[in-house]
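A.B. asks: Okay, sequence plus prediction incoming.
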Amino acid sequence: MYDRVAGVSNEVAGKLAKRLSVQTRGEVLFSPADRGRYATDASIYQQMPVGVFVPTDAADVRLAIDICRDLSVPIVPRGGGTSQCGQTVGAGLVIDHSQHMRRVLDVNPAERTAKVEPGLVLDHLNAQLKPHGLWYPVDVSTSAQATLGGMAGNNSCGSRSIAYGNMVHNVLGAEAWMADGSLVEFGAYSQASPDALAIGDFVRDLAMEHADEIDARWPKVLRRVAGYNLDIFRNQNQKPYNADGSVNLAHLLVGSEGTLALTRSLTLRLSELPRAKVLGVVNFPTFYQAMDSAQHIVKLGEGMSGGCLSAVELVDRTMIELSLKNPAFAPTIRTALSPHINGGKPAAVLLVEFSGASKADLTHKLRELVDLMGELGLPGSVVEMVDDAPQKNLWEVRKAGLNIMMSLRGDGKPVSFIEDCAVPLVHLAEYTDALTEVFHRHGSRGTWYAHASVGTLHVRPILDMRRDGASKMRAIAEEASELVRKYKGAYSGEHGDGLCRGEWVEWQFGPRINEAFARIKTRLDPEGLFSPNRMVDPPKMDDASLMRFPPTYKVVPIQPVLDWRAWDVQNDPVTEQTSEPGTGGDPALGLAKAVEMCNNNGHCRKFDAGTMCPSYRVTRDEKHLTRGRANTLRLALSGQIEGLAGQDALTSEVVMEAMDLCVGCKGCKRDCPTGVDMAKMKVEFLHHYKAKHGFTLKDRLVAQLPDYARTAARLAPLLNLRNRMLLLAKLAEKLLGFSAQRSLPEWQSRHFFNQPSQTHQTASREQVLAAERGVVLFVDTFNGYFEADNAQAAVKVLRAAGYTVHVATKLKPDGQHLCCGRTYLASGMVERAREKAREVVQSLLPFAERGIAIVGLEPSCLLTLRDELLVMGLNAGEHRIAEQSMLLEEFLVREDRAGRLDALKASLKPLGRPLLLHGHCHQKAFDAVSPILTVLGWIPEAKPRLIESSCCGMAGSFGYEASHHEVSMQMAELSLLPAVRAEPDAVVVADGTSCRHQIHDGAQREAVHVSRLLADLLPG
């Protein structure tokens, strides 16, 4: 370990890596790529750490502290790595608590307390608290990925702080290691241990010494998270840290950003879950009116009995427009828009939430809100949401707001540096107007969203940090600070100090208090072991050497095989309009800019409903995370990984290691708020990697399946022996790499493609073009050669619905079926996939131009026509084909809305059994799951239930491979297989061939395609 690390880094790093490897059980990550993946967080900064340590338990952390102290290596604690100001990056040893140190140590429902480890994610805690009717109410927008330790270090706030306060108001105690390795219990000052009492007395004396400065300089607002909480002994907060006025020494650590001690555990104050919520969405014709109205709206919460005003949140026009462009958010955001305000195009909306014991106790508050807005001259501006589902959906969009705004393409990005200044509500409208003028003077504009209830407005001016962004950032920050001082606000109201705002601590508090902060740092961490140069002796916010995109940042020229020009653009910081595709100056022709869309927000670390990111859900390893892969690609494409240069950026084993467990699920295409499409990036990578290293026999067998399927089907009895003879399976694993523990799809001698059209009653090209109600059925390799019943069932259903059905064939018949090229893409054979794509366009364009639907059965194949087909560089009508391509259920729903399926629906027989649905990953990515639920709902008495699952684990050939079998099964066991086993009498519907195979192998249950289920329920 020493020689390897010292050879690429230095002697100290080598010693550190060796001692950690020998003395601890944790994972020691010192490779250039590993260090690079931890060099960034959700800020604009990048600092390469000495190394990364992933402890397995508290004992590992304690040993790491001792080793780092001996070697004089600083420690940078890290949770989810989602900080906005650079708190979790640094040049020392990064300790990642999130992988293993995430236990709930104790829950006391009677006392409403919980004791947790620092790596526990907030949503995971709340999931365990829900059965007790409790929750931890500091509901930050990153709740699905933010850790409690990081939240405490940052003094996080959340959307509902008006009702529950900040992190500091909800922490009762903390166990923390000091720099000398001692473990100190921080809690009530009156009950402190000798070690904690000595620290408390020291801080108390400082507070008394600087009492006049604290009274004069401390911001008198709820949202103030800069510096250390010296005011625990002389409260300046609108909401006292403790209701009884007592002092809790744990509050000294809250907001200290890991600079004073290293957290072992936290004791948290819990709250009762609100039993009911109602939401009023207030639409405004101007942004100023929204800001000016906030001060009046919050008064609706005064004197409420049995409930409270729990949130007033801003969503501005920019965020609305970006949400409308995102298929995951557009349907939800439309429900919030009032047609009475600017014709359904408001300049801003405020989400006004009331919480209480029952909806009956709260609905009158919505009426009061409606009346108030009428009095303010905005009748019809309130969209009332009483039901839980639409409220939940809208809050999810709001929570994603920060990242939605980062989806702007081009080098100009909304930059976080003054985004959470907090001002009193009475000044909110004036402050935002004045700040808008500041942006205008510097050739930019701000994108706004915020906690309007507490005067914290998240605003990010659009700046190009590769060019003149740093100087503009400095100038805007200086003008903004004067506005904050004018309106008696706080410069840092929520996201902390870090590298970005550390230098502003002295500006906020003055030299005397700043010196007091330095004395606290020296008293608790005399050797500067914990996160040095933060808050005390901080760097300049615009130090170019700390930037992710410094002036020296260069992209390696690469000729991509896919068309990435849509990302290769520049944008206007005022209008946000982007230039023409291909004009952005990317030496990688758009690929690098697509990769750089990852802003490290960590949304891919979530474990709630949705697909992204299945490999991380199993491994919890940063390397196997969408963010980790994007960072690896970015570092490689910009020559920042030692040993990689030029074309090696996309051909190295380093990048292959990061891309290996990407299953191409496309979950990130939908779930990633900034639009990082790692599935497509993997196709690009594999093309370059395989071009250098060559294709294995397994690669060729998978990719060329459509070409040899016709011949292989003739040998079906012989080939199927592999599934029946273990010896053959083991031999195949050794020779080909397909797992012997996995069955392979069964070939059919009598398949769909060797049956004459008369057998399944389909029409010719000419007949369907002339038909009154024609449809083209695109039958893929899998449903054609392995599960022909599905294709035959689809013909039956479509004919029963009154359609003339033509099976898609090549324009120039050669005995082969029409293929989308999916298997070639998945193997990196893009040129061969392009050949298949050309055949698809030639064959199907005449139908598409006539508006005839192209209907498919296998999601991964059909949706290739809506996705990869468009970036193959064909320029031959592929967009017309994409517009007409749809899955069977999508087509049926469309036709039903046109009133053409009444007879079909009426003829369906009852099922008489429970009905479960597993959505294919690509269906989820293209919002194609709801149509299948709609279709299943047509079955009399049926109550279809969607299994909330990520990827099934098969992902095409991934789950068949011996090297991936274990991970594949772990993915399936997260939710899919347990849900199937829990309902043994249910019919399981799954459109994906591989999904059905996983359910068969993992749960010994047959899952069916929706076409078969419908056909079975039709007469005859």
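C.D. replies: Arrived safely. All figures in this text were calculated on a predicted structure; none of them were measured in a lab.

A.B. asks: so where's this structure shaky on pLDDT?
C.D. replies: Within the chain, the segments meeting pLDDT under 70 span 1-9, 401-403, 609-610, 643-647.

A.B. asks: For the residue minimising distance to the centre of the chain, give its distance to residue 141.
C.D. replies: Centroid check for the chain by CA atoms, centre = their mean gives residue 603 as the closest residue, at 2.4 Å. Noted for residue 603: a distance of 10 Å to residue 141, by CB to CB, to the nearest Å. Using the backbone N, CA and C atoms, a C-beta is placed for each residue, glycine as well.

A.B. asks: returning to that earlier point: what sits against the residue nearest to the centre of the chain?
C.D. replies: By CB atoms under 8 Å, 6 or more residues apart in numbering, the contact set of residue 603 is 142, 144, 145, 400, 403, 612, 671, 672, 673.

A.B. asks: Leaving out chain neighbours, which residue sits closest to the second one?
C.D. replies: With CB to CB, 6 or more residues apart in numbering as the criterion, residue 144 has its nearest non-adjacent residue at 3.5 Å, and that residue is residue 606.

A.B. asks: didn't that neighbour look like it was pressed against residue 145?
C.D. replies: Yes: at 5.5 Å, residue 606 counts as touching residue 145 under the criterion of CB atoms under 8 Å.

A.B. asks: the more surrounded of those two?
C.D. replies: Neighbour tally, residue 606 and residue 145, criterion other CB atoms under 10 Å: the higher count belongs to residue 145, 25 against 20.

A.B. asks: Is that one in contact with residue 608, as I believe?
C.D. replies: No: applying CB under 8 Å, one finds residue 145 not in contact with residue 608, separated by 9.9 Å.

A.B. asks: Return the backbone torsion pair for the residue lying closest to residue 165 once chain neighbours are set aside.
C.D. replies: Nearest residue to residue 165, sequence neighbours excluded (CB to CB, 6+ apart): residue 239, at 4.9 Å. Residue 239 adopts backbone torsions of phi -110, psi 110, taken as degrees, to the nearest 10.

A.B. asks: In contact with residue 239, which residues?
C.D. replies: Residue 239 neighbours (CB under 8 Å, 6+ apart): 165, 166, 169, 222.

A.B. asks: Ok, residue 427 next?
C.D. replies: Contacts of residue 427 (CB under 8 Å, 6+ apart): 455, 487, 488, 489.

A.B. asks: In those residues, find the pair that's most separated.
C.D. replies: 455 and 488 (10.7 Å; CB to CB).

A.B. asks: Could you tell me which residues touch both of the two?
C.D. replies: With CB under 8 Å, 6+ apart as the test, residue 455 and residue 488 both reach 423, 424, 427.

A.B. asks: For the first one, list the residues it contacts.
C.D. replies: Taking CB under 8 Å, 6+ apart as the contact definition, residue 423 lies against 221, 431, 455, 484, 487, 488, 489.

A.B. asks: Pull out the buried members of those.
C.D. replies: With neighbours counted by 16 or more other CB atoms under 10 Å, the contacts of residue 423 contain buried members at 221, 431, 455, 484, 487, 489.

A.B. asks: I'd assumed residue 490 was in contact with the first one.
C.D. replies: Read it as residue 221. Yes: between residue 221 and residue 490 there is a contact under CB under 8 Å: 5.3 Å.
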